[in-house]
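A.B. asks: Output the structure for:
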Amino acid sequence: MGKEYHKKFKDFLLILVQTMVIAGVVIIAVVPLSCRVSTSGIEIIGGDYGPPVLEEVKVISDKKLNMSFNDEINLVDVVVTPYIEEVSNSQIHSSGELVSQAILAAGGYYGIINSDVVISDDKKCLEFDFIEPTVIGKKYEVFGTVKDKIGNSLTFCVPFTGYNSRVPKIIMTEVHTMLCGKNSFDEKNNTRRMEYVEFLCLSDGNLAGLQFSGGYKGDSSVYDFPAVEVKKGEVFVLHLRTIGEGCVSELEDDLTLAETLFTNDNVRDLWHSSIAKTIGDKTDILVLRNIPENKIVDAVMYRDDSVTEWGSKLKKDFSFDEDLKKIYGSTDIENATNVTSISSSKSLHRVDSVEIYGRILEGEEIDFPISSSEKSWTIAGYTPGKL
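C.D. replies: Alright, predicted model coming up:
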């Protein structure tokens, strides 16, 4: 009995060892590993076959830019160039011996922004120090290649915008959420009364670096403000779609260029390039972001009475945003303004906008961001540019 048991145990151990060896070979075959030949044989050094991942591009100042990666990198080559509309974003691909205009632009054919580039102490960040300061609001791009320590490479082309140290404090004061009916048609300019957002500037500054967006249409709602100088107390209007003639963004001092039904010769008008709807008629979360600081600085939450829960996209994008919670106290849908009775002839108005306007004209410093709640907004007739 003892000999039979001993033999069975030895057979079991042999099978177990064989199984472990086979399993080890299989694991080595399927798990990404790297190896090198040394004087003592093959040495497993680990790693993977994926390229480095670019995690963040951060504009630090008008002369500094950082690019952070998920792993240690070595720089192969890099160039910083101006971004040229209709060239840098050209969709015409290379064919035959011709090189696409976009690649030529990224590679410095149309000019190079000189800079000193070093790798950070932890070897996970490229740090750029530009010889000359970048221009507020001007578009640039970085084109280059990096490798990780085992040779995996990443080639990238990443846009960025010239740093703005003078981003103004601005708030939304009116939101017109609906396209008006065809009875509001303007035959002269072949246009209609469209959705818009009215803003009030609480301080002087340049709008570059601010971004408006909504949750209803996601990325298609995004509007990056141009490099426009504004003054404390200035009211301006962002029209949320472009239909017909007269939809001209007034980027300089002449405020008479735009000519549609919702424009005013005394108020600056800016235009979203979309021709389709960009915000929800009766349910949405609209936010204003300071991109350099990566934070929401103003917001409007509104809903129809029949909507008792934010949609999945609104939940995903905004429900857990700490900046939005600081403004509204809570992102629960109950905190959104009920706009069931709103129509194309009415807008959402910030209740205390006139009071805030008077306070800033008297020189008072307003705490910013400004807190909001469901009672911060009310429904009334549309008055673009008039608070």
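A.B. asks: Please report the distance of the nearest residue to residue 137 once chain neighbours are set aside from residue 316.
C.D. replies: Beyond its immediate neighbours in the sequence, the residue positioned closest to residue 137 (C-beta to C-beta, 6 or more residues apart in numbering) is residue 227, lying 2.4 Å away. From N, CA and C alone the C-beta is placed, and that goes for glycine too. When distance is defined by C-beta to C-beta, to the nearest Å, residue 227 is 31 Å away from residue 316.
A.B. asks: These two: who's more crowded?
C.D. replies: Summary of the neighbour comparison: residue 227 and residue 316, criterion other C-beta atoms under 10 Å, with residue 227 having more neighbours (17 against 11).
A.B. asks: What does the pLDDT read for that one?
C.D. replies: Residue 227 is assigned 94 on the pLDDT scale.
A.B. asks: Let me know the helix or strand that the closest residue to residue 215 other than its chain neighbours is in.
C.D. replies: Leaving out its chain neighbours, the residue that sits closest to residue 215 by C-beta to C-beta, 6+ apart is residue 314, at 4.2 Å. For residue 314, the enclosing helix or strand under DSSP states H and E is helix 312-318.
A.B. asks: again with residue 159
C.D. replies: strand 153-161.
A.B. asks: what does that strand rub up against?
C.D. replies: Residues external to strand 153-161 that are found in contact with it (C-beta atoms under 8 Å, 6 or more residues apart in numbering): 51-54, 57, 59, 65, 67, 69, 76, 83, 106, 137-147, 208-209, 224, 291.
A.B. asks: now swap in stretch 114-123 and tell me
C.D. replies: 72-75, 78, 80, 125-132.
A.B. asks: Show the buried residues in these.
C.D. replies: When neighbours are counted using 16 or more other C-beta atoms under 10 Å, the contacts of stretch 114-123 contain these buried positions: 73, 78, 80, 125, 126, 127, 128, 130.
A.B. asks: So which of those residues are in strands?
C.D. replies: Counting by DSSP state E, these place 78, 80, 125, 126, 127, 128, 130 in strands.
A.B. asks: Could you tell me what pLDDT the model assigned to the second one?
C.D. replies: We have a pLDDT of 96 for residue 80.
A.B. asks: Apart from its chain neighbours, what residue comes closest to it?
C.D. replies: Once flanking residues are discounted, residue 80 sits nearest to residue 113: 4.1 Å by C-beta to C-beta, 6+ apart.
A.B. asks: quick one, what contacts that neighbour?
C.D. replies: When the contact criterion is C-beta under 8 Å, 6+ apart, the partners of residue 113 are 80, 81, 82, 130, 132, 134, 140.
A.B. asks: just residue 168 next, same as before
C.D. replies: Applying C-beta under 8 Å, 6+ apart, one finds that residue 168 lies in contact with 201, 202, 203, 204, 205, 206, 207, 210, 230, 232.
A.B. asks: what about the fourth one, distance to residue 311?
C.D. replies: Here the criterion is C-beta to C-beta. By it, residue 204 lies 38 Å from residue 311.
A.B. asks: Equivalent analysis for the second one, please.
C.D. replies: Taken as C-beta to C-beta, the spacing of residue 202 relative to residue 311 amounts to 32 Å.
A.B. asks: Between these two, tell me which one has more neighbours.
C.D. replies: When residue 202 is set against residue 311 and neighbours are counted by other C-beta under 10 Å, the residue ahead is residue 202, at 22 against 14.
A.B. asks: any idea how far the spatially closest residue to that one that is not a sequence neighbour is from residue 263?
C.D. replies: Nearest in space to residue 202, with sequence neighbours left out and distances taken as C-beta to C-beta, 6+ apart, is residue 169 at 4.0 Å. When C-beta to C-beta is applied, the distance between residue 169 and residue 263 equals 25 Å.
A.B. asks: Kindly report the same for residue 217.
C.D. replies: Relative to residue 263, and taking C-beta to C-beta, residue 217 is found at 23 Å.
A.B. asks: Nearest to residue 375 among the contacts of residue 168?
C.D. replies: When the contacts of residue 168 are compared for distance to residue 375 (C-beta to C-beta), residue 202 wins out at 20.9 Å.
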